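J.: Turn this into a structure:
(one chain, ligands or ions: 1)
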Amino acid sequence: MNQVVEIQSLEKRYKNFKLGQLDLAIEAGTVVALLGSNGSGKSTLLQLLIKLRQPDNGNVKLFGMNINEQEVQVKERIGYVGSGLYEAFNKFTVDGLSELVGHWYTNWDQAYYEMLINRYDINRKEKFAHCSMGTKKKIEFVLAMAHHPKLLLLDEPTANVDLISQQRMREDLSQFMEDDQHTILMATHQQEEVKQLCDYICLLADGQIKDMFEKDEVQQRWARVWLSHLPNQLKDDVRVWQIEESPTQIVTNQLLDIEKELKQQHIEITHVKRLELHEIMEYILQS
Ligand SMILES: Nc1ncnc2c1ncn2[C@@H]1O[C@H](COP(=O)(O)OP(=O)(O)OP(=O)(O)O)[C@@H](O)[C@H]1O
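T.: From the prediction side, this is the model:
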């Protein structure tokens, strides 16, 4: 197994918030969505990975390396989109900023940068300080992509971005993932992004990893099932998350097993509806 991100016992404390301890491993060739309510710790985790913040405890290895020991080698391989990364360079124009950033990376691809600048309709002569919030996000995205990273750490990459550019970003990220040596860890609140791009979901709640699961597999398992009547044994079954009367229906996270058992008992299933991701998350977060 080729693990690109390995997190062990990672911990960060603020006055009113504690992230961790977290353990997490991400394999090359996968897209992991970091989901969770506002303030659950997603940005903090991404910032710890790229060393914008220092952890209080724990270890992070990226590409098998410790960022404190091999910072240049690790950062060469990472593209980061996150809040405020370039605020210190507000006075630069977009092109000026790209010149600066281009010097940081041996893999900088000027032709690709120019293609992306046109694709996202960015005025390269504009001062970064004068760019709108959405344009700043697009610039961060272009700068992150233009040095051909192996790992993208994306903090709400399409927040404030216009719909056409959002769709283009999703296309570019899909293309980025065509090579199975690439990996994305992405904090997002956009269901469309999760649906189109992500293989795994890592669910954060109050600074802890509540669950990590394969998106498609979980969506196959969770469903609302309408029944002719409710057998007694389902009332205390841990696979049944909710029961409603008239009409009789249950919510389960083990659809196939439950369906099989109901058939054996000759209980009629009148309708089955798979749950949306946000509904599944709500059940998991309430548990
Ligand atoms: N520099 C800081 N000092 C003190 N507390 C902080 C600091 N940065 C973040 N926090 C707190 O840490 C918690 C997690 O914040 P974080 O930005 O990581 O959440 P998030 O999951 O990314 O939220 P959102 O979805 O709203 O972007 C919040 O309660 C926040 O107030």
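
J.: got the residues of the stretch 51-200 of the chain near the ligand?
T.: Taking CB under 6 Å from any ligand atom, the part of the stretch 51-200 of the chain that reaches the ligand is made up of Ala187. C-beta here means a position set from N, CA and C on the backbone, and glycine is covered the same way.

J.: which residues of the stretch 51-200 of the chain fall in helices?
T.: Secondary structure of the stretch 51-200 of the chain (DSSP state H, counting those that start in this stretch): helices located at 71-76, 94-104, 110-119, 133-145, 163-176, 191-197.

J.: most tightly surrounded among these?
T.: Burial of these is given as mean neighbour count (mean count of other CB atoms under 10 Å); helix 133-145 ranks first at a mean of 22.

J.: show me where the chain has strands.
T.: 3-14, 17-27, 31-35, 57-62, 65-66, 78-81, 151-155, 183-187, 200-205, 208-214, 223-227, 240-244, 249-252, 269-274 (DSSP state E).

J.: What helices and strands are in contact with the first one?
T.: Contacting strand 3-14 under the criterion 3 or more CB pairs under 8 Å, 6 or more residues apart in numbering; DSSP states H and E are the following elements: strand 17-27, helix 42-49, strand 57-62, strand 183-187.

J.: now, of the ones you listed, which is deepest in the fold?
T.: Highest mean neighbour count of the helices and strands packed on strand 3-14: strand 183-187, a mean of 25 (counted as mean count of other CB under 10 Å).

J.: Name the surrounding residues that touch that one.
T.: For strand 183-187, contacts defined as CB atoms under 8 Å, 6 or more residues apart in numbering pick out 4-5, 26-35, 42-43, 45-46, 49, 150-157, 173, 176-177, 193, 197-198.

J.: what mean pLDDT does that strand have?
T.: On average, the pLDDT along strand 183-187 is 98.

J.: Kindly report the same for stretch 123-139.
T.: Mean predicted lDDT for stretch 123-139 stands at 96.

J.: how about the CA coordinates for it, as PDB?
T.: Coordinates of the C-alpha atoms in stretch 123-139 are reproduced here as PDB (Å, rounded to 0.1, in the frame of the first residue of the first chain):
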ATOM      1  CA  ASN A 123      -7.000  39.300 -15.300                       C
ATOM      2  CA  ARG A 124      -3.300  38.600 -14.800                       C
ATOM      3  CA  LYS A 125      -2.400  42.400 -14.500                       C
ATOM      4  CA  GLU A 126      -4.800  42.900 -11.600                       C
ATOM      5  CA  LYS A 127      -3.400  43.400  -8.100                       C
ATOM      6  CA  PHE A 128      -4.100  40.500  -5.800                       C
ATOM      7  CA  ALA A 129      -5.500  42.800  -3.200                       C
ATOM      8  CA  HIS A 130      -8.100  44.100  -5.600                       C
ATOM      9  CA  CYS A 131      -9.300  40.700  -6.700                       C
ATOM     10  CA  SER A 132     -12.800  39.500  -5.600                       C
ATOM     11  CA  MET A 133     -13.000  36.600  -3.100                       C
ATOM     12  CA  GLY A 134     -13.900  34.100  -5.800                       C
ATOM     13  CA  THR A 135     -11.100  35.300  -8.100                       C
ATOM     14  CA  LYS A 136      -8.600  34.900  -5.300                       C
ATOM     15  CA  LYS A 137      -9.800  31.300  -4.800                       C
ATOM     16  CA  LYS A 138      -9.300  30.700  -8.600                       C
ATOM     17  CA  ILE A 139      -5.800  32.200  -8.400                       C
END
